[in-house]
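Asks: just a sequence and a predicted model for now, questions to come.
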Amino acid sequence: MAAAEGPSAALRRRDLCSRGIRLAGKMRADVVDLLDAYVEQQGLDASASVAAVEGVPVAAVERWDEQTGTQRLLENLAAYRAFRALLAQMLEEQREQLGEADAGLGRALAAVLLQVSAFAYHLEELLRLESRGIPGEEGDGPPPPPRLSLFEQKLRGLGVLRELAQWAVRSARDLRQLGKPSSAAGAAPGLAESP
């Protein structure tokens, strides 16, 4: 596919990838800052072990180098859509728990939610450029969580923020790979040759 696209499409893809890498870096820095504030405000231990949280996409992937660019974009998009729903839920719980007692944490959480939404839109733009349909959002979000205790909500929030920080790293890596001149979304191994 890389040979079939015009120079302007290749430049646009590289530009979108470069901007996406910067967005992911900024988002990761903000998530790390938010994570520090969240741990402190919630009275949690920063080294607390959190089991896998239902509905939270895991950034680790087996055989990453075998994924096509399109697969990477679609996985990233699904993850950020799920994070958008999870962060909105965390923000609502934060408001219920604290009201305006800690508006700073709520503002930081809202700012990261906005960045996640913007990044999801950015990924959609990349998929459009690659002439791929944008999957619908139905089913992308996490299932409604069971009613959790306050402590369980805090731990789930910790797990969400930690995994979001990992996704920001993975997204930058995915976009670096996609932005390479020889790698259009479909040029990575496996797309055309897949059974």
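Replies: Sure thing, it's come through. Residues are numbered from 1 along each chain as shown.

Asks: SS state for residue 147?
Replies: Using DSSP: H, G, I helix; E, B strand; the rest coil, the structure places residue 147 in coil.

Asks: and for residue 127?
Replies: Assigned by three-state DSSP, the conformation of residue 127 is helix.

Asks: spatially, what comes nearest to residue 39 if we skip its sequence neighbours?
Replies: Nearest non-adjacent residue to residue 39, counting by Cβ to Cβ, 6 or more residues apart in numbering: residue 46, 4.9 Å away. (Each C-beta comes from the backbone N, C-alpha and C, glycine too.)

Asks: correct me, but residue 119 touches residue 22?
Replies: No: judged on Cβ atoms under 8 Å, residue 119 makes no contact with residue 22 at a distance of 10.8 Å.

Asks: who has more neighbours, the two?
Replies: A side-by-side neighbour count of residue 119 and residue 22, using other Cβ atoms under 10 Å, places residue 119 first with 24 against 12.

Asks: look up how far residue 131 lies from the more buried one.
Replies: The gap separating residue 119 from residue 131 is 21 Å, by Cβ to Cβ, to the nearest Å.

Asks: likewise for residue 70?
Replies: To residue 131, residue 70 is 10 Å away according to Cβ to Cβ.

Asks: which other helices and strands contact the helix ranked longest in the chain?
Replies: Scanning the chain for the longest helix, with DSSP state H as the assignment, gives helix 7-42. In terms of contacts (3 or more Cβ pairs under 8 Å, 6 or more residues apart in numbering; DSSP states H and E), helix 7-42 is packed against helix 103-129, helix 150-179.

Asks: give me the neighbour count for the nearest residue to residue 173 once chain neighbours are set aside.
Replies: Spatial nearest neighbour of residue 173, chain neighbours left out: residue 64 (8.0 Å); criterion: Cβ to Cβ, 6+ apart. Using other Cβ under 10 Å, residue 64 has 13 neighbouring residues.

Asks: where do the contact lists of residue 119 and residue 22 overlap?
Replies: Common contact partners of residue 119 and residue 22 (Cβ atoms under 8 Å, 6 or more residues apart in numbering): none.

Asks: tally of neighbours for the closest residue to residue 153 other than its chain neighbours?
Replies: Nearest non-adjacent residue to residue 153, counting by Cβ to Cβ, 6+ apart: residue 93, 5.5 Å away. Applying other Cβ under 10 Å, we find 18 residues neighbouring residue 93.

Asks: and for residue 126?
Replies: With other Cβ under 10 Å as criterion, residue 126 counts 25.

Asks: swap in the one 10 residues further on?
Replies: Applying other Cβ under 10 Å, we find 7 other residues in the vicinity of residue 136.

Asks: three-state assignment of it?
Replies: Criterion first, three-state DSSP; result for residue 136: coil.

Asks: dump the residue contacts of it.
Replies: Residue 136 is in contact with no residue at all, counting by Cβ under 8 Å, 6+ apart.

Asks: look at it and report its pLDDT.
Replies: In this model, residue 136 is scored at 74, pLDDT.

Asks: give me the number of residues near the closest residue in space to residue 154 that isn't next to it in sequence?
Replies: Leaving aside its chain neighbours, residue 154 sits nearest to residue 42 (4.5 Å; criterion: Cβ to Cβ, 6+ apart). Residues lying near residue 42 (other Cβ under 10 Å) number 19.
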